[in-house]
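Colleague: no FASTA, just this:
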């Protein structure tokens with residue numbers, strides 16, 4: 001089992017950047033495939049990015065491609081989401097998630113077993 005704690009959210013102006021971190025407990029972090037999801041008020045949770053257990057494969061949702069980057073540091077038990085050129089529509093609670101079994105369907109939230117509590121990102125115009 002793994003516990004996930006997100007940090008790095010906050011208020012930023014449009015065009016700015018934020019680096020989200022997700023720290024994981026446990027000794028087997030290198031076995032986990034990780035994902036970032038977000039949920040805006042009144043909307044469903046949506047996939048943002050994912051990375052394989054060894055960091056070799058990444059997937060980025062089309063609506064953030066070219067602006068967001070996901071990375072994983074197994075030595076630090078941490079996964080990151082670098083967010084650049086932020087837009088007001090990026091405002092949401094961002095969650096990290098983990099699964100040992102690689103998702104069969106990229107971006108399917110039900111494929112993930114463990115979730116963090118979320119961190120709020122607010123982008124002002």
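Modeller: Perfect, thanks for sending it. Here the structure is a predicted model, which means the values were calculated and not measured.
Colleague: Contacts only, for the most centrally placed residue in the chain.
Modeller: Nearest residue to the geometric centre of the chain (Cα atoms, centre = their mean): residue 36, 2.2 Å. Residue 36 sits next to 20, 22, 47-50, 70, 79, 81, 94-97 when contact means Cβ atoms under 8 Å, 6 or more residues apart in numbering. No exception for glycine: its C-beta is placed from N, CA and C like everyone else's.
Colleague: List the buried residues for stretch 11-31?
Modeller: Using 16 or more other Cβ atoms under 10 Å as the test for burial, stretch 11-31 gives 12, 18, 20-24, 29.
Colleague: next one: stretch 43-60
Modeller: 45, 47-51, 53, 59-60.
Colleague: farthest pair in these?
Modeller: Within the buried residues of stretch 43-60, 45 and 53 form the most distant pair, 22.3 Å apart (Cβ to Cβ).
Colleague: before we move on, back to that, now the residue nearest to the centre of the chain: closest residue in space that isn't a chain neighbour?
Modeller: Leaving aside its chain neighbours, residue 36 sits nearest to residue 48 (4.3 Å; criterion: Cβ to Cβ, 6 or more residues apart in numbering).
Colleague: again with residue 10
Modeller: Of all residues not flanking residue 10 in the chain, residue 18 sits nearest, at 6.5 Å (Cβ to Cβ, 6+ apart).
Colleague: Cheers, nothing more for now.
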